[in-house]
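J.: Fold the stuff below for me.
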Amino acid sequence: MEWYDYIIIAYAVIINIFAAAITVHDKSAAKKHRRRVPEKTLFITAAMSGCVVMYITMHIIHHKTKHNKFMLGIPVIFLAEVLAALGILIWSGAFSI
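T.: Okay, the predicted model is just below:
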């Protein structure tokens, strides 16, 4: 593996831990009637490649599972990320259809 592969893996691990942590924190804050994590922050974190772990965490802790904005929005973000990654791979010649 190249050095930049380790940076990409480290980023993925950190952003996904952060995504799970803020989701759990938001659930805890909701239960305690305290200041919540803004929805914008949750969506930005999802868009920074934390969407899979955030979505799984939401289902595990039953948080925002009744909100269509999240239950549809997070998978749409994931699909967009997958399509963008495929587009980059195809454009760069690293992958062909």
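
J.: rest of the way, CA atoms for contacts and neighbours
T.: Noted.

J.: And for E39, the neighbour number?
T.: By other CA atoms under 10 Å, 12 other residues sit near E39.

J.: mind listing the helices for this structure?
T.: Counting by DSSP state H, residue ranges of the helices within the chain are 3-31, 39-45, 51-61, 68-92.

J.: most tightly surrounded among these?
T.: For the helices of the chain, the largest average neighbour count (mean count of other CA atoms under 10 Å) is found in helix 51-61, namely a mean of 18.

J.: That one packs against which elements?
T.: In terms of contacts (3 or more CA pairs under 8 Å, 6 or more residues apart in numbering; DSSP states H and E), helix 51-61 is packed against helix 3-31, helix 68-92.

J.: Of those, which is nearest T41?
T.: Counting by CA to CA, T41 lies closest to helix 3-31 out of the helices and strands packed on helix 51-61; the figure is 8.9 Å.

J.: Report the angle between that closest one and helix 51-61.
T.: Comparing the axes of helix 3-31 and helix 51-61 via axes from the mean of the first three to the mean of the last three CA atoms, to 10 degrees yields an angle of 30 degrees.

J.: Skip the chain neighbours and tell me the closest residue to R35.
T.: Nearest non-adjacent residue to R35, counting by CA to CA, 6 or more residues apart in numbering: A29, 6.2 Å away.

J.: do you know how far the one you found is from E81?
T.: Distance, A29 to E81, using CA to CA, to the nearest Å: 29 Å.
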